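In: model this:
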Amino acid sequence: MVLLQSLLDTVSGWLTFGLSLLVPGVVASVCWLPFLLAKRLRALFRSLPPTESLAPSYALSGIGASLPFVVGTLVVLATVDTAGRGGAVRLSKPLFTMSLLLFGAYTAGLPVIGVLGLPRAGIDWDPTGYGASTWLVLAGGGAWYALLFAVPLALASIVAALPGGY
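Out: The predicted model follows:
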């Protein structure tokens, strides 16, 4: 009985960890769905490997793009000493800094990767020719996706910095 309980606890722990990595990406992907109204973004996901199909590529990209925020948050929580008085306040700055840096990276990085990186890697995806509007759509999409994570994390860091260290 003890062995079975130990095994179930281990499996439950790994399942919880796996879900904590996947669920934020699934939620963000659902919130990002309106961007798929743009024909060029549908073309982007249709041309991405390994599936070169819209739905699987979109799901993999959405979940994969959430991992820096999720893993970064877990790293901040694991490395910041929150024991004792003012522990939550010590958590505030690294959490806010991480969310701000990742927001900037997504907003600036997604257009650079999409317009400069992918075509050089042999993935020609934009039927409109990689113009200024493509840069804007990708920057807006990157900013929106990052805001889905950065806003709650920034609010949590502000609350953690309040007097009393909630």
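
In: Please count neighbours and contacts with C-alpha atoms only from this point.
Out: Fine.

In: where does the spatially most central residue of the chain land on pLDDT?
Out: For the chain, the residue nearest the mean C-alpha position is residue 66 (2.1 Å; C-alpha atoms, centre = their mean). Here the pLDDT value assigned to residue 66 is 96.

In: And residue 140, by the same measure?
Out: 96.

In: and the gap between it and residue 30?
Out: According to C-alpha to C-alpha, to the nearest Å, residue 140 and residue 30 sit 16 Å apart.

In: about what we covered before: got the phi/psi numbers for the residue nearest to the centre of the chain?
Out: phi -80, psi -20 (degrees, to the nearest 10).

In: show me what contacts it?
Out: Applying C-alpha atoms under 8 Å, 6 or more residues apart in numbering to residue 66 gives the contacts 24-25, 28.

In: Run through this structure and note the low-pLDDT ranges.
Out: For the chain, applying pLDDT under 70 flags the ranges 1, 164-166.

In: follow-up on the earlier one: tell me which of residue 140 and residue 30 has more neighbours.
Out: Comparing residue 140 with residue 30 by other C-alpha atoms under 10 Å, the one with more neighbours is residue 140, at 18 against 12.

In: who are the neighbours in contact with residue 153?
Out: Here residue 153 is in contact with 95-96, 99 (C-alpha under 8 Å, 6+ apart).

In: Check which helix or strand it maps to.
Out: If you go by DSSP states H and E, residue 153 is part of helix 132-161.

In: buried stuff in that helix?
Out: 134-135, 137-150, 153-154, 156-161 (16 or more other C-alpha atoms under 10 Å).

In: same deal with stretch 84-94?
Out: Quick answer for stretch 84-94 (16+ other C-alpha under 10 Å): 86-94.

In: Switch these over to CSV; also include secondary structure and distance to residue 51.
Out: Shown next, in CSV, are the buried residues of stretch 84-94 (DSSP: H, G, I helix; E, B strand; the rest coil; distance: C-alpha to C-alpha, whole Å):
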residue, secondary structure, distance to residue 51
86, coil, 48
87, helix, 45
88, helix, 43
89, helix, 44
90, helix, 43
91, helix, 40
92, helix, 40
93, helix, 40
94, helix, 37
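
In: Looking at those residues, which is nearest residue 16?
Out: Ranked by distance to residue 16 (C-alpha to C-alpha), the buried residues of stretch 84-94 are led by residue 91 at 23.1 Å.

In: Now that closest one: closest residue in space, sequence neighbours ignored.
Out: Leaving aside its chain neighbours, residue 91 sits nearest to residue 80 (6.1 Å; criterion: C-alpha to C-alpha, 6 or more residues apart in numbering).

In: Good, we can wrap up now.
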